[in-house]
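Visitor: predicted model and sequence below, questions to follow.
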Amino acid sequence: MEVINTNKAMYIKRTKKGRINIKSGNKVDLVIKLTILILTLLTVMAFFFFDYTGLQLGRAITETAHNLKVMFLEPALSHFGWGEAFYQVGVTIGLGFLATIFGAVIALFLSFMAAENLSKPSISKTVRIIVAFIRAVPTVLWVLIFAIASGLGSEAAVLGMLFHSVAYLVKAFSESFEEVDQGIIEAMRATGSNWWHIVTHGVLPSTFTYLLSWTFLRFEINFGVAVAMGAAAGAGGIGFELFMASGFYFDLREVGFITYAILIIAIVLELISTRLKNRYFPATAR
Amino acid sequence: MNEKTIRKSRGIATIFLIVIIMMTYLSAVITNFNLAEGLATIPKALGWIGANLIITPETWERLPSILDKLFETIFMSIAATTLAAVVSIFLGLMGSKTTKVNGVLSVISRGVASFSRNIPVVAWSLILLISFGQNSVTGFLALFVGTLGFLTRAFIESIDEASQSAVEALRATGATYFHIVNKAVIPQTLPQMLSWILFMIETNIRSATLVGILTGTGIGFTFDLYYKTLNYNAVALVTLTIIIAVIIIEMISNRIRKVIL
């Protein structure tokens, strides 16, 4: 008799009085509802906290509509020629590329330390904490801080972007390493191979394509970041031209041209990375 | 694996490596990047950070005004993300293969998403700055547009992934479009969507700093102000508050994510 009772108790939720709980919902539902509620409340509150200095909404909207029309329908170059435009786009791509490549190399070594199946728990935890700390500082602050030490230029920009790329890639790489079949590592350990052999012959070959795809995804992000760094930290490239065209010359047609240039590169990069994703991460993106 | 395939893959790897090195060299030439100088900068910069980015007792007096701006920034990114998410749900439903109303709307929603995602937030904020002026609304709108594109893409992916069979089952019972969306698609994908929204809030607080520097709002403006007046102690304090805020928000959203996913 008692056995049946305990069995029932396991899958029928009862209130304290012993009644069967007919209210639907569980912890997951509750958390989802609470999160949505809090986000909505914060959003409503946000509009009271805003600083509305000098805002004339009606005029601003019509003006922006007009500006967007000029930008996107009549793009033109006035302060520099096509050759210069290509060169500046090249500079931005170059900055992104350098940060990605150096970031990938550094991240590779750090992620060996961060992956739980390849290193000691204490080391792995330390690396993760450092990485979380680095990621919390916005890239632009890293670039600006490096700019004081090395002067404005590509070094500051690449180093600043490098920090974030390393943090991002360490997370991605170490997660791919942890997904490696434990059997491979065990088998190699049984044959007496040392840590270095396990990494180069067991772990790297089976994760290489993932690492490449992650690196390319980061390159896609870094292109956008490089544009931003050009504009906000004076790192040069097409972002800086964009900043000059909109902030100093107020040349909407040139802004339009630059925006188109950025858009084209970004879409090309996105197409490539979507194809990579479909090929190598069929589980996460279809 | 025989000897031939090993040799072949080794050949491909070598070519790949050479191409990468050449591209790195090319990028370094274009951008005037000097590796030796760059490496030398790192210890110099770290030394500088250690020597100058120190929070002195006097700077603590600035904390209230910094926190004020920080909260403005956090609110700005939450509001931008939440409102963008609401619009993105509709765009996502239009754009997804399983729930689209018709082909034209699907193409339009995907187009809007791609357009707003691929133009960087920087460009949006500079464009909006021209007519909206220096205030929170500019930053809010810039973040809103960028988030809209990203979330729409993420939502389309999660809707496509999750709800195929449930949608079919409901359609077989003769449920209307509204019923299908409300009872099958939304409940199934809501945790995934919420996880994306939380991720976007984290990202947006970081981007808000950047947008703030450009548009003169929020914590970014405070940072820029102290940076340009060479008040590095205050710069350190601003950076510290941003780090703490980002880490706290990351921890909260990781908690939520653990429960709902």
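Guide: Cool, the structure landed. Numbers count the residues shown, from 1 in each chain, chains lettered A, B, ... in the order given.

Visitor: domain map for the chain?
Guide: In the absence of a named chain, this looks at chain A. Chain A resolves into domains spanning A:2-49, A:81-280 when parsed by automatic domain parsing.

Visitor: ah, I was thinking of chain B
Guide: If you go by automatic domain parsing, chain B breaks into B:3-52, B:57-260.

Visitor: out of those domains, deepest packed?
Guide: domain B:57-260 (a mean of 20; mean count of other Cβ atoms under 10 Å in any protein chain shown). For the C-beta atoms, the positions are set from N, CA and C on the backbone; glycine is no exception.

Visitor: the helices in the stretch 1-150 of chain A, which residues?
Guide: All helices of the stretch 1-150 of chain A, identified by DSSP state H, counting those that start in this stretch, fall at A:2-11, A:27-49, A:57-73, A:82-114, A:121-136, A:139-150.

Visitor: what number of residues lie near residue A:52?
Guide: 12 (other Cβ atoms under 10 Å in any protein chain shown).

Visitor: sorry, that was for residue A:185
Guide: 18.

Visitor: how far away is it from residue A:206?
Guide: Taking Cβ to Cβ, to the nearest Å as the measure, residue A:185 falls 10 Å from residue A:206.

Visitor: who in the stretch 151-261 of chain B is up against chain A?
Guide: Remark: the part of the stretch 151-261 of chain B in contact with chain A comprises B:157, B:160-161, B:190-191, B:194, B:197-198, B:206-207, B:209-210, B:213-214, B:217, B:220, B:223, B:227, B:235, B:239, B:242-243, B:246-247, B:250, B:256, B:259-260, using Cβ under 8 Å from any Cβ of the partner chain.

Visitor: so what's residue A:173 closest to, chain neighbours aside?
Guide: residue A:111 (3.6 Å; Cβ to Cβ, 6 or more residues apart in numbering or on different chains).

Visitor: over to residue B:34?
Guide: residue A:155 (6.8 Å).

Visitor: about what we covered before: and of the domains of chain B, who's closest to residue A:52?
Guide: Smallest distance to residue A:52 across the domains of chain B (Cβ to Cβ): 5.6 Å, for domain B:57-260.

Visitor: below-threshold pLDDT in the chain: ranges please.
Guide: With no chain named, the answer covers chain A. Residue ranges of chain A with pLDDT under 70: A:1-15, A:21-25, A:280-286.

Visitor: to clarify, I was referring to chain B.
Guide: B:1-3, B:163.

Visitor: so where do the helices sit in it?
Guide: B:3-31, B:35-52, B:63-95, B:103-118, B:121-132, B:136-162, B:164-172, B:177-180, B:186-215, B:218-228, B:232-260 (DSSP state H).

Visitor: and the next helix or strand past the helix or strand encompassing the residue nearest to residue B:34?
Guide: Taking DSSP states H and E as the definition, residue A:155 sits inside helix A:154-178. Once the chain leaves helix A:154-178, the next helix or strand it forms, by DSSP H and E, is helix A:182-190.

Visitor: in that following helix, what counts as buried?
Guide: A:185, A:188 (16 or more other Cβ atoms under 10 Å in any protein chain shown).

Visitor: gap between the most centrally placed residue in chain B and residue A:228?
Guide: Centrality entry for chain B: nearest residue to the mean C-alpha point is residue B:203, 3.8 Å, by Cα atoms, centre = their mean. Separation of residue B:203 from residue A:228 (Cβ to Cβ): 13 Å.

Visitor: and for residue A:132?
Guide: Taken as Cβ to Cβ, the span from residue A:132 to residue A:228 is 22 Å.

Visitor: quick one, which of those two is more surrounded?
Guide: A direct count of neighbours by other Cβ under 10 Å for residue A:132 and residue A:228 places residue A:228 higher, at 30 against 16.

Visitor: residue numbers of the stretch 151-286 of chain A in contact with chain B?
Guide: A:153-156, A:158-159, A:224, A:227-228, A:231-232, A:236-237, A:239, A:242-243, A:246-247, A:250, A:252, A:255, A:258-259, A:262-263, A:266-267, A:270, A:285-286.

Visitor: and residue B:210, what does it touch?
Guide: A:138-140, A:228, A:232, B:121-122, B:220 (Cβ atoms under 8 Å, 6 or more residues apart in numbering or on different chains).

Visitor: chain center to the helix or strand residue A:226 falls within: distance?
Guide: Secondary structure assignment for residue A:226, by DSSP H and E: helix A:204-233. Offset of helix A:204-233 from its chain centre (Cα atoms, centre = their mean, to the nearest Å): 9 Å.

Visitor: rewinding a little: report the distance from the helix holding residue A:155 to the chain centre.
Guide: 10 Å.

Visitor: helices or strands up against it?
Guide: Here helix A:154-178 touches helix A:82-114, helix A:121-136, helix A:139-150, helix A:204-233, helix B:35-52, going by 3 or more Cβ pairs under 8 Å, 6 or more residues apart in numbering or on different chains; DSSP states H and E.

Visitor: now do that helix against helix B:186-215, angle only.
Guide: Calculated by axes from the mean of the first three to the mean of the last three Cα atoms, to 10 degrees, helix A:154-178 forms an angle of 160 degrees with helix B:186-215.

Visitor: what does stretch B:175-187 rub up against?
Guide: Contacts of stretch B:175-187 (Cβ under 8 Å, 6+ apart): B:89, B:93, B:98-99, B:101, B:159, B:162-163, B:166-167, B:169-171.

Visitor: about what we covered before: deepest-packed of the helices of the stretch 1-150 of chain A, please.
Guide: Using mean count of other Cβ under 10 Å, helix A:139-150 ranks as the most buried of the helices of the stretch 1-150 of chain A, with a mean of 24.

Visitor: circling back: give me the contacts around the following helix or strand past the helix holding residue A:226.
Guide: Next in sequence after helix A:204-233, counting helices and strands by DSSP H and E, comes helix A:238-247. If you take Cβ under 8 Å, 6+ apart as the criterion, helix A:238-247 is touched by A:79-80, A:85, A:88-89, A:91-92, A:226-232, A:234, A:251-252, A:254-255, A:258-259, A:261-262, B:120, B:122-123, B:126-127, B:129-130, B:214.
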